[in-house]
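**Student:** coordinates for the following, if possible.
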Amino acid sequence: MSKPTDIELKTAIQKAIEMKEHDQDPDFIAKSLLNLQFRMRFYEELAQIADRYMNLGQAENERMLLLRTIEKVKEIELRTAKLDIEDFGLE
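**Tutor:** Numbers count the residues shown, from 1 in each chain. Prediction:
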């Protein structure tokens, strides 16, 4: 399957937003697309930072940035799964 063009993706996201706003998402397609699009931004950032880390001789500054970004991705995954620390009573 090919990657959607920028216009196709923008159109699909706008339609998903409209579906959610009008509570017309019986099969959770809009919810899934919006969630995946939100999370994808963090994974794209992670891929860029990992690539830079590998291509810059694994510099310490890049390593720390990579580790922080990995933690950010983990945090986003927990948040979008509604498994935040507050849910466990560990504030």
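**Student:** assign the residue located most distally from the centre of the chain to helix, strand or coil.
**Tutor:** Within the chain, the residue lying farthest from the chain centre (CA atoms, centre = their mean) is G57, at 27.1 Å. Secondary structure assignment for G57 (DSSP: H, G, I helix; E, B strand; the rest coil): coil.
**Student:** for P26, what are its contacts?
**Tutor:** P26 makes contact with no residue, according to CB atoms under 8 Å, 6 or more residues apart in numbering. In short, each C-beta sits where N, CA and C put it, glycine included.
**Student:** sec struct for it, please.
**Tutor:** Assignment for P26 (three-state DSSP): coil.
**Student:** residues in contact with the residue farthest from the centre of the chain?
**Tutor:** The contact partners of G57, taken as CB under 8 Å, 6+ apart, number zero.
**Student:** for Y53, grab the count of nearby residues.
**Tutor:** Number of residues near Y53 (other CB atoms under 10 Å) recorded here: 19.
**Student:** go on, F38?
**Tutor:** 12.
**Student:** can you offset everything so residue one is 463?
**Tutor:** With 463 as the first residue, the last one maps to F500.
**Student:** can you give me the neighbour number for N497?
**Tutor:** 14.
**Student:** and for Q476?
**Tutor:** With other CB under 10 Å as criterion, Q476 counts 10.
**Student:** could you name the helices and strands sitting against the helix or strand hosting it?
**Tutor:** In the assignment (DSSP states H and E), Q476 maps to helix 468-483. Applying 3 or more CB pairs under 8 Å, 6 or more residues apart in numbering; DSSP states H and E, one finds that helix 468-483 makes contact with helix 491-517.
**Student:** who touches stretch 491-511?
**Tutor:** 471, 474-475, 477-479, 481-482, 486-487, 524, 527-528, 531-532, 534-535, 538-539, 542.
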